[in-house]
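Colleague: what follows is a protein structure lacking sequence information:
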Ligand SMILES: Nc1ncnc2c1ncn2[C@@H]1O[C@H](COP(=O)(O)OP(=O)(O)OP(=O)(O)O)[C@@H](O)[C@H]1O
Ligand SMILES: [Mg+2]
């Protein structure tokens, strides 16, 4: 129900697609070409290794931002989210609608990034599982974006979350290096990051390795948990 | 006259602050009810509870026969709300804002388009219908918000200070709009700082101060309480003293017995403002006009 409206929002935002692609392309250049030249990781060239990681990263940040930021602004600055709260729309439609915009934009920018990757290297094998992982990831992080936006009391809360959770997660979660090189303790810590599981899944499917269904299950679990928490947060939002 | 709004001992606390205390109130169908009070009196908070945006700390509230705590969805379907502050989506234009609202209320296709055009015309925004919200004047924004609140044809309309910051013409247009809506059968609950607004529009008013309802009734009844005739005397050319009398005779008698050094004397009918000041000890909206 709601997502139709958000679609026509996204019309204005097509420009921002370009902006969201700048960072990942820079990473790709810096890490893939600059640092990683001649380096091999687990038998693959670093570029082959790092592309799925960067895609995971892009999927996460775009869907988190797209779902979270607009809602955040609507709620705290335009206050027009109040209007939605006062209308007879079900909480499910509200949360799902706000989430879908994140998913749509997450998928759009990863697709665009994939096209950009064409220019740099042979495209990793893109299978159904690759897309499945992306979709699940986009949903999980869009729910997370909605959740944080529903809880945040100020703009500061939002940016604190960005720099304390999203940013470290984007660098550490097996995006730029292999987790197998890390000490066990750190590896366990990082397994609490949903992005770790995204990059594991994406990399395995891109490089034609056996698909880690366990990681996929964890990812689904995170998504469901964030979704559930959104309802709790929404109920609390009208106190 | 069936009651559209009923509150019983409604109390809303924000931590230690008691924004609304023990409010018991009834508003009948077809009324224009005015809720008056100084800044921070708890008017907006009351509206937020009545419109399901906030939950009361204690007490019970029924809107259109539904308990707001138990059946908020049913309440949401029959109310329209114009909030005190701007609540338009600044990323959208006038029509899109209305379309979004219509969708939120499950109004579809042709009907949606038709109602949007009708209402934009009704509030006089036809020329601005494609403009972005940020390009509108304050009055036009308010008009957009009113038009938006009407899109699902609510039976009960809440207006939180609908004419703050508007010029005289716009204010009168909005008053006429409110009267017209009321004529079409919509019950109106409005808050205001402007006494003359309440006098011009409301069949009944409630006055709140610091979260408590201190007066309730028809404007004339309230005036009677204070005294129908007011006498203003200027003391030492410095401050004005107000005194109230039940009728002209009593007032004249008082004036005749005043010492001669007191100069400026005005005898006039009392108004809601007198009621307000007497009851709250504050003068409201004095500098804003
Ligand atoms: N979300 C909130 N958290 C804490 N306190 C609040 C909150 N909202 C309102 N208050 C407090 O409740 C009291 C009543 O506020 P309210 O906004 O209802 O007043 P008002 O009558 O609408 O005033 P105004 O005429 O300025 O709009 C104030 O003391 C205010 O500080
Ligand atoms: Mg207010």
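Modeller: Everything's here; your move. What you are looking at is a predicted structure, and each value in this text was computed from that prediction instead of being measured. Ligands and ions are numbered 1, 2, ... in the order given.
Colleague: tell me the mean pLDDT over the helix or strand hosting residue A:232?
Modeller: Using DSSP states H and E, residue A:232 sits in helix A:213-237. The pLDDT scores in helix A:213-237 average 92.
Colleague: so which other helices or strands are in contact with it?
Modeller: helix A:91-118, helix A:128-151, helix A:194-206 (3 or more CB pairs under 8 Å, 6 or more residues apart in numbering or on different chains; DSSP states H and E). To be clear about C-beta, it is placed using only N, CA and C from the backbone, and glycine gets the same treatment.
Colleague: what sits against the most centrally placed residue in chain A?
Modeller: With the centre of chain A defined as its mean C-alpha position, the nearest residue by CA atoms, centre = their mean is residue A:60, 1.3 Å away. With contacts defined as CB atoms under 8 Å, 6 or more residues apart in numbering or on different chains, the neighbours of residue A:60 are A:106, A:137, A:141, A:166, A:169-170, A:195, A:198.
Colleague: and what of residue A:42?
Modeller: Neighbouring residues of residue A:42 by CB under 8 Å, 6+ apart: A:49, A:178, A:180.
Colleague: how about the nearest residue to residue 152, chain neighbours excluded?
Modeller: Since you didn't name a chain, this refers to chain A. Once flanking residues are discounted, residue A:152 sits nearest to residue A:158: 4.7 Å by CB to CB, 6 or more residues apart in numbering or on different chains.
Colleague: nope, chain B please
Modeller: Nearest non-adjacent residue to residue B:152 (CB to CB, 6+ apart): residue B:105, at 4.0 Å.
Colleague: can you name the residue of chain B nearest ligand 2?
Modeller: residue B:44 (3.1 Å; CB to the ion).
Colleague: so which helix or strand takes in that residue?
Modeller: Using DSSP H and E, the element containing residue B:44 is helix B:43-50.
Colleague: what lies in contact with that helix?
Modeller: Taking CB under 8 Å, 6+ apart as the rule, helix B:43-50 contacts B:5, B:7, B:10, B:12, B:19-20, B:23, B:35-37, B:54-56, B:61, B:63, B:68, B:79, B:81, B:83-84, B:158, B:160-161, B:189, B:191, B:208.
Colleague: if we use 7 Å, what do you get?
Modeller: Here helix B:43-50 makes contact (CB atoms under 7 Å, 6 or more residues apart in numbering or on different chains) with B:5, B:10, B:12, B:19-20, B:23, B:35, B:37, B:54, B:56, B:61, B:63, B:68, B:84, B:158, B:160, B:191, B:208.
Colleague: check which element follows that helix along the chain.
Modeller: By DSSP H and E, the next helix or strand past helix B:43-50 is strand B:58-63.
Colleague: for chain B, which residues are neighbours of ligand 1?
Modeller: With CB under 6 Å from any ligand atom as the criterion, chain B meets ligand 1 at residues B:14, B:17, B:19, B:37, B:39-45, B:84.
Colleague: got those residues as JSON lines, with neighbour count, distance to residue A:145 and pLDDT columns?
Modeller: Conversion of those to JSON lines gives the following (neighbours: other CB atoms under 10 Å in any protein chain shown; distance: CB to CB, whole Å; pLDDT from 0 to 100):
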{"residue": "B:14", "neighbour count": "12", "distance to residue A:145": "28", "pLDDT": "91"}
{"residue": "B:17", "neighbour count": "11", "distance to residue A:145": "32", "pLDDT": "90"}
{"residue": "B:19", "neighbour count": "21", "distance to residue A:145": "32", "pLDDT": "93"}
{"residue": "B:37", "neighbour count": "26", "distance to residue A:145": "39", "pLDDT": "88"}
{"residue": "B:39", "neighbour count": "9", "distance to residue A:145": "36", "pLDDT": "89"}
{"residue": "B:40", "neighbour count": "13", "distance to residue A:145": "35", "pLDDT": "90"}
{"residue": "B:41", "neighbour count": "26", "distance to residue A:145": "38", "pLDDT": "92"}
{"residue": "B:42", "neighbour count": "26", "distance to residue A:145": "35", "pLDDT": "93"}
{"residue": "B:43", "neighbour count": "25", "distance to residue A:145": "35", "pLDDT": "95"}
{"residue": "B:44", "neighbour count": "21", "distance to residue A:145": "29", "pLDDT": "95"}
{"residue": "B:45", "neighbour count": "24", "distance to residue A:145": "30", "pLDDT": "95"}
{"residue": "B:84", "neighbour count": "15", "distance to residue A:145": "29", "pLDDT": "92"}
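Colleague: between all of the residues you listed, which two are separated the most?
Modeller: B:17 and B:84 (18.0 Å; CB to CB).
Colleague: surely residue B:148 touches residue B:95?
Modeller: No. In terms of CB atoms under 7 Å, residue B:148 does not count as a neighbour of residue B:95; the distance is 10.4 Å.
Colleague: near chain A, which residues of chain B?
Modeller: Contact residues, chain B versus chain A (CB under 7 Å from any CB of the partner chain): B:51-55, B:73, B:76-77, B:81, B:83, B:85, B:87-91, B:100-101, B:103-105.
Colleague: pick out the residue of chain A closest to chain B.
Modeller: Nearest residue of chain A to chain B, counting by CB to the nearest CB: residue A:87, 3.8 Å away.
Colleague: ramachandran coordinates for that residue?
Modeller: Main-chain torsions, residue A:87, degrees, to the nearest 10: phi -100, psi 160.
Colleague: now it, nearest residue through space, not along the chain?
Modeller: Going by CB to CB, 6+ apart, residue A:87 has residue B:104 as its nearest residue, at 3.8 Å.
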